[in-house]
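Asker: Below are the sequence and a predicted model for it; my questions follow.
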Amino acid sequence: MNTTLHRLQTSGLLVIGLAVLAAGSALSQDPGVVTPVDTFTVIVPLRPVDEIKKDIEVLESQNVRAKLRLEEAKEQVRKLESLIDLKGKEIDILESRMDVADKEKREADVTALKNQITGVEKIRDLLRRRRDVRSAEADAAEAAQDYAQAAEDMYSRETELAKKRLDRAAQTRASSATLAAADQVIREYETSVLESEVQKLKKEERAMSRQRDVVELRMKLADAQAKLLEK
């Protein structure tokens, strides 16, 4: 019984080995695919350098757009802060006039000034909400930049990993010691890629959270603006 079990185990390992070799042979026929010499121990999925390069180009474009959004949002925040300050001064003036009218017992003027103050306060509140939206957009743009940089770092490391795999695949006549050393380098690069991917995912989560904040603030602004227009 033990002999039969041993034969089955040996046969199973042989089948796995042949499957791995067959997969490697099939993939190696495509010059655009990294030859999977280390297929049996590979952790980070095999990707050709050109494919990774395209991902980096997309990220570079996203980073440029995020930078533009950040600059625009910061400029809008500055303008809105100025408008909010002006409305605050306008309220102060109206309140001073109302105090004078109140002392002089001009009730009609007091009522009119109160209504004006209420109207200006509503506009100032709307401006503050707009400022909060633009400020959140700036935070989201910064988070998007951080994500793009983290992702680009990961893809750069993945590029180096792909090159090391190609180098390893080219060493068809190298000694066992040389191949073992090359495999060790590949494992180290895989660890580096995985560590950078963790950072990329963290930055992505933060970017998504900041964008969610933007959407929620926009919804509140839309609601406040609709209520103001109704009146």
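Answerer: Here it is on my side, so go on.
Asker: Helix or strand with the lowest mean pLDDT in the chain?
Answerer: helix 2-28 (a mean of 38; mean pLDDT, DSSP states H and E).
Asker: Now the element after that helix, going C-ward?
Answerer: helix 49-103 (DSSP states H and E).
Asker: Quick check: which ranges of this structure have low pLDDT?
Answerer: Low-confidence segments of the chain (pLDDT under 70): 1-41, 231.
Asker: Quick check: longest helix in it by residues?
Answerer: Taking DSSP state H as the criterion, the chain has its longest helix at helix 107-170.
Asker: what angle separates it from helix 49-103?
Answerer: Per axes from the mean of the first three to the mean of the last three C-alpha atoms, to 10 degrees, the angle that helix 107-170 makes with helix 49-103 is 170 degrees.
Asker: Check which helices and strands helix 107-170 sits against.
Answerer: helix 49-103, helix 176-230 (3 or more C-beta pairs under 8 Å, 6 or more residues apart in numbering; DSSP states H and E). C-beta: built from backbone N, CA, C; applies to glycine.
Asker: Which one of these lies nearest to Arg165?
Answerer: helix 176-230 (6.2 Å; C-beta to C-beta).
Asker: that older thread, Val133: which of the helices and strands packed on helix 107-170 is closest?
Answerer: With C-beta to C-beta as the measure, helix 176-230 is the member of those nearest Val133 (4.7 Å).
Asker: who does that closest one touch, helix- and strand-wise?
Answerer: Packed next to helix 176-230, using 3+ C-beta pairs under 8 Å, 6+ apart, are helix 107-170.
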